[in-house]
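> Quick one, fold the following:
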Amino acid sequence: MSLLRGINLTSSTTIWTVGVLVVVFAVVAAVLLPLTLPTAARRSPARTGGATDAPDPSDKATSHGSGGRTIGPVLGHGLKAAGRYSARAVLFTVPVLLVVALGGLLINRPMHYVRTFGDVIEAAAPHTQGASRVTPLPDASAYDAVPAEAWKASFQDAGNGSQEATWTGPVSGITLPVRVVLPSGYRPDDGRTYNVIEAIHGWVGDPQSVVTGMSSSKNLQAAIDAGRIPPSILVIPSVNVDGSQHDCVNIAGRPPVETWTAEEIPRMIQASFPNVTTQRAGWMLMGISAGAYCAARTAYDVPQRFGSVGVLSSFDSPGEGVLAHGGKQLQSENTMSTMLGRRTPDGMRFYVMGAQDDSTGSARAAWFMQDAVQRPDSVTIDTPRQGGHSWVLWNDRLPSLLTWWGSDPAVFAAAGLPAPDGDAWAGAKAAGIKPPTQTPKDQRTAGSPSPMRADVFELNGLGTIIVSTVASLAAAGTVLIWAPRWGRRRDGAKPSTGRLGGAIVGRFAAVVVAASLIAVTAGIGVNASGGFYTSWRDLRASVRVNDNAGK
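Numbering: from 1, shown residues only. Okay, here's the model as predicted:
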C-alpha cells in the first residue's frame, strides 16, 4: 500500500503507463471475448443463429450433493451462461476502468488537484469531525520568541514562472510547500517596494493548481506591466495540513492552519523578501472555492494585516471541514455574510465573484455579503450569469480582481508609488478585461443556489446526459453481446487468418470506443453534479488555458 501511495499522478511516466495498459487490456479483451461463447457456438455458429448463447451440449446435468441428485439442464445451462457473461463483463470492465483513470490523470495533470495516489486515498477516506472548538491565534509573543533565521525560506525554481520552498512554520509546526510568483526583474536590493498577494487554493488542490489553472505568472506580470497594480509578489501556501478538508481556522486537536496562513506565511515572506511593504493596503488575501471562504474568514481574524480580500466562487456558509460538519450552531456562527455584518468595520475592501450558474451558490454569497457590509467596509460584487465553478472563470476573472485591487490609490501608495491618473477600468476594458458584473437587486434569484438552467444539449443539459448514456449503453451492449461472435463464418467452416485478424481489430476498436464513451458519460455526470463547467465553450477554453498555463 505504501508503494501505491507514492505513485506520482502528475508524472508523464504514470500517464503513459496507464495508456499502455489500456491498449494491452483492450487487446486481451479482443482476443479472449470469443472464448466466452458456448462451445457449440464457437464450433458451429450456423446452428445458433448468431443471436443468443445456444445451450452447450456439454452442459449436462452434473452430480451434486448426496443421493446422486443432479442439477437440472436448464439450471446448469443458466449457471454456465452466467459465468460466461461474467467473464465478458470482467474483460470489458478492466479497460473501462483504465480509460476512466487515464481521463482523470489527463485532467489532473495541469491542475494538480492531487499529486500522489496517497492524496486520492486521503481525499476519499471518511474523516470524522470530532473536535469543533475554534481556538484563537497565538499571542504576538509566540512569534517574537522565534529566532529571525527561522522565518526565512529558501526558494528554488519550480517552473511556470514560480519558485517553491518546503518550509516549516516555527509556531504551528506545519511543514508544507509554498509557491511564490515574483515579478520580472525582482531583486531583494533593487530599491523597490513590493506589495503582496497571498492566495489560498481550493479543495482538492495545491499551490501548483493556482499557478497553472489561473495562469498566475502571466496575469500578474501583465497587470504590473500595464500599470494596473504596482510591482507585487504572489505567494500561495499549501493548506493540505493532514489530507482533510480545509478548516481555515485553528481547531482544537487539529493542525493550526490559520496560524500558518494568517501569521507565519506573511512573516516568512517579509523575512525572505525584505523589500515587501509593511502597510496593510499593500497586502491582499484571496482564494478560490473553499480557499475563497478561507480568505474571507482569515481576513476577519487579522484585519490589521490585509486591506483587501478577493473571494472567487465561495459558499456563504462553510461547506467543508470542521466548520461545516461541527454542528449547525458552529456553521451558523461562521457564515461569511453574517460575520461580515457583525465585524467592526475598518475600511476592508472585498471583491466577491460568483457565477449565477455555480451550484455552490457563490453568486448568492456575493449578494448576501453586499447586503451585510457596513461602511467604511465595502463589497464589490461580480456575478456573471454563466461560468460555473471552473478554472476558466477564475483565470478570466483574475485580471478583473487585480484591476479592482489597483483601483484604490492606497494600494500604490503602499508601494511608494503614485496612483495612475484617470479611470482604472478604462484601459482595462480596452485590453479585454471584464469589469465586475453588478447584478441589480431586482434581477437576483437568492432563493436558489444555482438559478440558471442548462440548455438541453449544453454540457450539463438533460439531452446531453441522455444521449451520452444511451450511446454508452449501446456501445457496451455491442461489446458484451455481439462482438464475441465477430469473425465466425455462417457455414461453420474455419475462418481465414484475415477474417480472424479483422475481428480482433474490430473488437479492440469496439472496446476502446465503448470504454471512452462510458468515461465521457461518467465525466459529464460528475461535472453536472458539481456544476464545474457549464458550457461546451468553457470546456474548450479550459483545454486552451491548461495548454498555456503559466506561459
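
> for Ile236, which residues make a bridge with it?
Arg179 (DSSP bridges).

> burial measure for it, as a count.
Each residue near Ile236 was counted by other C-beta atoms under 10 Å, and the total is 30. C-beta here means a position set from N, CA and C on the backbone, and glycine is covered the same way.

> What's the end-to-end length of stretch 224-243?
One end of stretch 224-243 sits 35 Å from the other (C-alpha to C-alpha, to the nearest Å).

> Next, the buried residues of that stretch.
In terms of neighbour count (16 or more other C-beta atoms under 10 Å), stretch 224-243 has its buried residues at 224, 226, 228-241.

> which one among those gets closest to Ala82?
Of all the buried residues of stretch 224-243, the one sitting nearest Ala82 is Asn240; the distance, using C-beta to C-beta, is 45.4 Å.

> what's the spacing between the nearest residue to the closest one once chain neighbours are set aside and Phe350?
By the measure of C-beta to C-beta, 6 or more residues apart in numbering, the closest residue to Asn240 outside its immediate chain neighbours is Asp206, 6.4 Å from it. Taken as C-beta to C-beta, to the nearest Å, the spacing of Asp206 relative to Phe350 amounts to 25 Å.

> what's the residue nearest to Asn240 in contact with, if anything?
Applying C-beta atoms under 8 Å, 6 or more residues apart in numbering, we find Asp206 in contact with His112, Tyr113, Arg115, Pro177, Ser238, Asn240.

> again with Leu176
Thr166, Trp167, Pro237, Ser238, Val239, Asn240, Val241, Trp260.

> Redo those residues as JSON lines? Include distance to Lys494 and secondary structure.
Supplementary listing: those in JSON lines, determined by distance: C-beta to C-beta, whole Å; DSSP: H, G, I helix; E, B strand; the rest coil:
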{"residue": "Thr166", "distance to Lys494": "65", "secondary structure": "strand"}
{"residue": "Trp167", "distance to Lys494": "70", "secondary structure": "strand"}
{"residue": "Pro237", "distance to Lys494": "68", "secondary structure": "strand"}
{"residue": "Ser238", "distance to Lys494": "63", "secondary structure": "coil"}
{"residue": "Val239", "distance to Lys494": "65", "secondary structure": "coil"}
{"residue": "Asn240", "distance to Lys494": "60", "secondary structure": "coil"}
{"residue": "Val241", "distance to Lys494": "65", "secondary structure": "coil"}
{"residue": "Trp260", "distance to Lys494": "71", "secondary structure": "helix"}
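
> For the residues you listed, please prepare CSV with the additional fields distance to Arg305.
Converted to CSV, the contacts of Leu176 look like this (distance: C-beta to C-beta, whole Å):
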residue, distance to Arg305
Thr166, 24
Trp167, 19
Pro237, 14
Ser238, 20
Val239, 17
Asn240, 23
Val241, 20
Trp260, 14
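
> from the residues you listed, which single one is nearest Leu106?
Set against Leu106, the nearest of those by C-beta to C-beta is Asn240 (22.0 Å).

> who touches Glu263 in this structure?
Residues touching Glu263, when contacts are defined by C-beta under 8 Å, 6+ apart, comprise Leu137, Pro138, Tyr143, Val171, Val302.

> Next one: it, what pLDDT does it get?
Reported pLDDT at Glu263 in the predicted model: 97.

> do Val99 as well
In the prediction, the pLDDT value recorded for Val99 is 95.

> How many residues are close by it?
For Val99, the count of nearby residues is 26 (other C-beta under 10 Å).

> which SS state does it fall under?
Reducing the assignment to helix, strand or coil with DSSP: H, G, I helix; E, B strand; the rest coil, the entry for Val99 is helix.

> With adjacent residues omitted, what lies nearest to it?
If you skip the residues right next to it in sequence, Val99 has Ala515 as its closest partner in space, 4.0 Å away by C-beta to C-beta, 6+ apart.

> List the contacts of that neighbour.
Contact analysis of Ala515 by C-beta under 8 Å, 6+ apart lists Val22, Ala26, Phe92, Pro95, Val96, Leu98, Val99, Val100.

> buried sites along the helix or strand containing the first one?
Think Val22. Taking DSSP states H and E as the definition, Val22 sits inside helix 12-32. Neighbour-count burial for helix 12-32 flags Thr14, Ile15, Val18, Gly19, Leu21, Val22, Phe25, Ala26, Val27, Ala29, Ala30 (criterion: 16+ other C-beta under 10 Å).

> What helices and strands are in contact with the helix or strand where Arg88 lies?
According to DSSP H and E, Arg88 maps onto helix 73-111. Packed against helix 73-111, as judged by 3 or more C-beta pairs under 8 Å, 6 or more residues apart in numbering; DSSP states H and E, are the following elements: helix 12-32, helix 207-213, helix 497-530, helix 536-548.

> Let me know which of those is the nearest to Met339.
Taking C-beta to C-beta as the measure, these were each checked against Met339, and helix 207-213 came out nearest at 24.4 Å.

> how about the following helix or strand past the closest one: buried residues?
The C-terminal neighbour of helix 207-213 among helices and strands, as given by DSSP H and E, is helix 216-225. Taking 16+ other C-beta under 10 Å as the neighbour-count basis, helix 216-225 is seen to contain the buried residues Ser216, Ser217, Lys218, Asn219, Leu220, Gln221, Ala222, Ala223, Ile224.

> Throw those into JSON lines and include pLDDT, thanks.
Formatted as JSON lines, the buried residues of helix 216-225 follow (pLDDT from 0 to 100):
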{"residue": "Ser216", "pLDDT": "94"}
{"residue": "Ser217", "pLDDT": "95"}
{"residue": "Lys218", "pLDDT": "95"}
{"residue": "Asn219", "pLDDT": "96"}
{"residue": "Leu220", "pLDDT": "97"}
{"residue": "Gln221", "pLDDT": "97"}
{"residue": "Ala222", "pLDDT": "96"}
{"residue": "Ala223", "pLDDT": "97"}
{"residue": "Ile224", "pLDDT": "97"}
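
> Including distance to Gly104, could those residues go into CSV?
As requested, the buried residues of helix 216-225 are arranged in CSV below (distance: C-beta to C-beta, whole Å):
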residue, distance to Gly104
Ser216, 24
Ser217, 26
Lys218, 26
Asn219, 27
Leu220, 29
Gln221, 32
Ala222, 32
Ala223, 33
Ile224, 36
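
> got any ranges where this structure has weak pLDDT?
Along the chain, segments meeting pLDDT under 70 span 1-5, 39-77, 110-112, 118-119, 121-131, 446-454, 492, 530-531, 541-551.

> For it, which segments count as strands?
Ranges of strands within the chain are 156-159, 162-168, 175-181, 195-200, 232-237, 283-288, 308-312, 349-353, 378-382, based on DSSP state E.

> closest to Leu9 out of these?
Each of those was checked against Leu9 via C-beta to C-beta, and the shortest separation belongs to strand 175-181, namely 16.0 Å.

> between the closest one and strand 232-237, how big is the angle?
What separates the directions of strand 175-181 and strand 232-237 is an angle of 160 degrees, with axes from the mean of the first three to the mean of the last three C-alpha atoms, to 10 degrees.

> Now do the buried residues in strand 175-181.
Using 16+ other C-beta under 10 Å as the test for burial, strand 175-181 gives Leu176, Pro177, Val178, Arg179, Val180, Val181.

> next one: stretch 95-112
Neighbour counts using 16+ other C-beta under 10 Å place 95-96, 98-105, 108-112 of stretch 95-112 among the buried residues.

> and which of those is nearest Val379?
The closest of these, once distances to Val379 are taken by C-beta to C-beta, is Met111, at 28.9 Å.
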